[in-house]
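J.: Take a look and give me a structure for this.
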Amino acid sequence: MTDRLHVDPVSLEGIADRLRRSGGALRAASGGGPGTPDAGTDTPIFEDLITRLVQNATALAGGLDEAAARVLQANRTYADEDLGNARNIGSR
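T.: Numbers count the residues shown, from 1 in each chain. Modelled structure (predicted):
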């Protein structure tokens, strides 16, 4: 029995687009973060917390962008493989 793998290029493009848009939305939402609230003596704690949240959101957005790029690269690889195989079959 032959294992079959079907890769839908349109689905992969959609996945990559969703990852890229999610990264952009996250980046926009964290864009610098809110100002530091006046929390009295605890203000430095909240300032540090907000800074870390913004940094982590920015890193996550970058990870989503990287994942989108990898999905697009995989899509190109699958398309190239399919084209090469089609040429091999056609030349027989």
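
J.: Now do the SS call for the residue nearest to the spatial centre of the chain.
T.: Centre of the chain computed as the mean C-alpha position; nearest residue by Cα atoms, centre = their mean is L64, 2.2 Å away. Classification of L64 using DSSP: H, G, I helix; E, B strand; the rest coil returns helix.

J.: again, but for D38
T.: In three-state terms, and counting by three-state DSSP, D38 is coil.

J.: For it, give me the backbone phi and psi.
T.: D38 adopts backbone torsions of phi -80, psi 100, taken as degrees, to the nearest 10.

J.: Wait, the residue nearest to the centre of the chain touches S22, no?
T.: Yes. With contacts counted by Cβ atoms under 8 Å, L64 reaches S22, the gap being 5.3 Å. The C-beta positions use only the backbone N, C-alpha and C, and glycine is treated the same way.

J.: ok, residues contacting stretch 13-33?
T.: 50-51, 53-54, 57-58, 60-65, 67-69, 71-72, 75 (Cβ atoms under 8 Å, 6 or more residues apart in numbering).
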